[in-house]
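> Need coordinates for the following:
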Amino acid sequence: MDFALANDIATKPKFLESLRRAVVNVGFLYIKNTPVSIAIQETLIKKGIELFDLPLEEKLKIEMANSKHFLGYARLGTEITAMKPDYREQFDVSTSYCSIFQVRADTATVSSQQKSQRLDQANLSGKI
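Residues are numbered from 1 along each chain as shown. This is a model prediction of the structure:
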């Protein structure tokens with residue numbers, strides 16, 4: 001995906017739709033032409049290698065099985081894809097964020113589909 005398309009009002013909606021499709025339907029993506037410097041990219045690669053080089057006992061301290069949000073470390077062969085073990089080692093991470101959907105206990109619950117639609121609308125209108 002070309003990040004430069006996100007900077008142009010005429011191409012931003014198409015970029016966002018492509019981004020959403022990649023995240024929801026494919027599960028991964030490659031982004032080119034980002035504003036991230038080469039130095040930061042190289043540091044990220046180095047830190048990623050260091051993370052995977054940690055001893056197994058250290059990685060297991062943050063094992064995904066211990067997370068209610070499915071975040072953390074997953075060992076080689078623990079993921080199942082198309083009913084077969086997926087031989088990859090991974091870390092699923094996320095940053096803290098504040099939801100734009102504050103649902104109070106005394107209000108009706110908003111479905112995940114409604115949240116997704118509202119988030120798409122907010123993204124397209126430039127609010128996020």
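> Need the per-residue pLDDT for the residue positioned nearest the centre of the chain.
With distances taken as CA atoms, centre = their mean, the chain has S94 as the residue nearest its mean C-alpha position (6.9 Å). Reading off the per-residue confidence, S94 sits at a pLDDT of 82.
> A39 too?
In the prediction, the pLDDT value recorded for A39 is 95.
> Next: the one 3 residues further on.
E42 is assigned 95 on the pLDDT scale.
> And for it, the neighbour number?
Around E42 there are 10 other residues, counting by other CB atoms under 10 Å. In this view, the C-beta of every residue, glycine as well, is placed from N, C-alpha and C.
> repeat for Q41
Q41: 11 surrounding residues under other CB under 10 Å.
> Next: R75.
15.
> Might one say that it is in contact with E89?
Yes. R75 sits in contact with E89 when judged by CB atoms under 8 Å, with a separation of 6.4 Å.
> and the residue nearest to the centre of the chain, what is it in contact with?
Applying CB atoms under 8 Å, 6 or more residues apart in numbering to S94 gives the contacts 69, 71.
> From K84, how far off is it?
When CB to CB, to the nearest Å is applied, the distance between S94 and K84 equals 27 Å.
> number of nearby residues for A74?
A count of neighbours around A74, defined by other CB under 10 Å, yields 19.
> Bridged to it, which residues?
In this entry, A74 is beta-bridged to Q90, by DSSP bridges.
> close enough to count as contact, it and Q90?
Yes. Distance between A74 and Q90: 4.9 Å, which falls inside the contact criterion (CB under 8 Å).
> Any idea how far apart the tips of stretch 19-36 sit?
End-to-end distance of stretch 19-36: 18 Å, with CA to CA, to the nearest Å as the criterion.
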